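>>> this is a predicted model, with the sequence first.
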Amino acid sequence: HVQLVESGGGSVQAGGSLRLSCAASGVTASRACMAWFRQAPGKEREGVAAIVTGGGNTYYAGSVDGRFTISQDNAKNTVYLQMNSLKPEDTAMYYCAAAPWCGTVVTSSFAYWGQGTQVTVS
């Protein structure tokens, strides 16, 4: 049974930083894919960043590349999203997602989702 629990969202001024955490349980694949998605009101959910748990390879959407960093702590079964230089357009609900392997970072590739954590940038 896979369970993903996000935390770390909040409100921040433009230019500020936040770190999101995703505590994962039940993810047993040696090279599973852990990803962060976000969804703003009226917009589709989009993939922001992803990481291969066994190999560390990462993916970033162009809109966040150079500002966001995804990382993992295998001992804690936790994936992080460090978000720097935040912009108002980063405002969204952020979701953690898991899949048995990393393919295309789109919603249909991920079967497991957390409940989301809100990030608001003003």
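Received, thanks. Numbers count the residues shown, from 1 in each chain.
>>> need the strands for the protein, in chain order.
With strands called from DSSP state E, the chain shows them at 3-7, 10-12, 18-25, 33-39, 46-52, 58-60, 68-73, 78-83, 92-99, 112-113, 117-121.
>>> what's the closest of these to V105?
For the strands of the chain, proximity to V105 was assessed by C-beta to C-beta; strand 46-52 is nearest, at 3.5 Å. (Glycine included, C-beta is placed from N, CA and C.)
>>> so where is this protein shaky, pLDDT-wise?
Low-confidence segments of the chain (pLDDT under 70): none present.
>>> what sits against the most centrally placed residue in it?
Centroid-nearest residue in the chain, with C-alpha atoms, centre = their mean: W36, separated by 1.9 Å. Taking C-beta atoms under 8 Å, 6 or more residues apart in numbering as the contact definition, W36 lies against 20, 22, 47-50, 70, 79, 81, 94-97.
>>> ok, now F68?
V48, A49, Y60, L81, Q82, M83, N84.
>>> same thing but at 10 Å, please
F68 makes contact with 18, 20, 36, 48-49, 60-61, 81-86, 90, according to C-beta atoms under 10 Å, 6 or more residues apart in numbering.
>>> hmm, which of those are the buried ones?
Neighbour-count burial (16 or more other C-beta atoms under 10 Å) applied to the contacts of F68 gives L18, L20, W36, V48, A49, Y60, A61, L81, M83, L86, D90.
>>> contacts only, for G114.
G114 touches 2-7, 22-24, 36-37, 94-98, counting by C-beta under 10 Å, 6+ apart.
>>> quick check: the farthest pair among those residues?
V2 and Y94 (18.1 Å).
>>> quick one: contacts for the nearest residue to C102 once chain neighbours are set aside?
Leaving out its chain neighbours, the residue that sits closest to C102 by C-beta to C-beta, 6 or more residues apart in numbering is C33, at 3.6 Å. By C-beta under 10 Å, 6+ apart, the contact set of C33 is 27, 50-54, 57, 59, 97-103, 105, 109-110.
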